[in-house]
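> sequence and computational prediction follow.
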Amino acid sequence: MAGDTLPEEKDKYFRSTVEMGFLMIEEPLLFTPGPVTLPKAILREMSKPMISHRSKDFRELFEDTVLRLQQVFKTKNDIAVLTASGTGGVEAALLNVLDVDEKILIPVYGVFSKRAAETAKRIGARPVVLSKSLPNKEDIFRLIEDNVDATAILIVYNDTSPGITIRFLKDISRKAKEYGILTIVDAVSILGGDVLLTDEWDLDVVITGSQKCLMSPPGLAAVSLSERAWEKVLKTPRRTFYFDFIRYKEYYEKRKETPFTPAINVLHALRKALEIILDVVGYRAWIEMHRRRASFLYSALSALNFKPIMPPEYRSNTVISVKPPERLSPEEILSRLKNDYGIYAAGGLEEWKGKIIRFGNMGYISPRSLLSLILSIATILMEKEIPLKLEELISVFENLLVK
């Protein structure tokens, strides 16, 4: 009889049930800071028959995708679409805008701002770095005022490790313009997930990737360039063949094509994602959806005694970075989530490795997925007899379901 089951048999039964449940999970839940879980409507686009990138069908696909990207970027500027990662987009921007030995200002406050500085160095530019974990507006203004001969300043709008958003980007751009300095923005992990107004904020170069808040597969980078940025590109020696923006501009204006074979089926998926964002959900509602989910995640994780590592004014809406309760390491939680529940999140990088957990909040995440994540973590804590604020957690759940 069931009541006669021995403790070790109960344990064996429990473990086999968990393993069977994991095997029956059709798809993992991705809470990584990109790539993201894709709706089936977007996955179906990836299975469309292949078309030639020199065909009428492709030209219609490509032009429509670029026009929709302009709506999400909030710009009338040209957009170059590259078959590359977001990092490739950043490198392409620097190669086209900067000549050898030209100065670029780069505040460094995370892994990806550090990588931007390294990229600038490797292409022969002169990065002037301000290293500060929480730079304020005055710090960056001072960096600009002390280097008025700089060609550009590069801001990583949202650095995913540690998970920091620079919310005074508009002010930085205005300050840079006083000295004729171009503003380059790495928006790979935030465009489409938080407010970014390219033209209104007078941003010269903005870079993003397909695989994060735009709810598409990895493989494409998009770069917008202002008229001022184009003036500089045209004066800069052409040092790259594949990433040559002049070539991309010529092909688009004359033929509505790319100069090289692009990731065609990723373009199909990206266009479908942009249709959903702009026509089905609506741009403002899409941004608000990210904000509300971020609020839920910060509140729910707080009820589980996870602590945000960023002050409120620097917290990211697209990457929720927290320290776990004592007695549980990030590695143990990440392993349990993956192996027992099919949920993937991320640890910290470099100096944050082994200290934090990063939960991606990008694209579309259903309330069911949010509840699955929080309840899975709560179960792990209860098994370890780690206290949680149950009443507070219930209140957070109620707010989610009501909204």
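Cool, the structure landed.

> okay, now the domains of this protein?
Domain segmentation of the chain under automatic domain parsing yields 10-38+282-402, 40-280.

> which of those comes out lowest on mean pLDDT?
Note on these: lowest mean pLDDT is at domain 10-38+282-402, with a mean of 90.

> can you pull out the helices in the stretch 1-150 of the chain?
7-23, 40-46, 56-73, 86-97, 111-122, 137-145 (DSSP state H, counting those that start in this stretch).

> bridged to residue 207, which residues?
Beta-bridge pairing for residue 207 (DSSP bridges): residue 186, residue 223.

> where do the strands sit along the stretch 301-403 of the chain?
307-308, 319-323, 343-344, 346-347, 357-360 (DSSP state E, counting those that start in this stretch).

> neighbouring strands for the fourth one, and are they parallel or not?
Okay, so that is strand 346-347. Strand 346-347 is paired, per DSSP bridges, with strand 357-360 (antiparallel).

> could you dump the strand it pairs with to PDB, C-alpha only?
Taking C-alpha atoms only, strand 357-360 is exported to PDB below (Å, rounded to 0.1, in the frame of the first residue of the first chain):
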ATOM      1  CA  ILE A 357      22.000  35.200 -11.100                       C
ATOM      2  CA  ARG A 358      20.800  37.000 -14.200                       C
ATOM      3  CA  PHE A 359      17.200  36.500 -15.400                       C
ATOM      4  CA  GLY A 360      16.500  37.700 -18.900                       C
END
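
> now residue 219: how far from residue 309?
Distance of residue 219 to residue 309, given as C-beta to C-beta, to the nearest Å: 31 Å. (C-beta placed from N, C-alpha, C; glycine too.)

> ok, now residue 191?
Taking C-beta to C-beta, one finds residue 191 at 23 Å from residue 309.

> how about residue 237?
In terms of C-beta to C-beta, residue 237 sits 42 Å off from residue 309.

> ok, the two, which is more surrounded?
More crowded of residue 237 and residue 309, by other C-beta atoms under 10 Å: residue 309, with 21 against 6.

> which residue packs closest to the more buried one, ignoring adjacent ones?
Excluding its sequence neighbours, the residue lying closest to residue 309 (C-beta to C-beta, 6 or more residues apart in numbering) is residue 321, at 5.1 Å.

> who's in contact with that neighbour?
Listed by C-beta atoms under 8 Å, 6 or more residues apart in numbering, the contact set of residue 321 reads 161-163, 308-310, 348, 352, 356-359.
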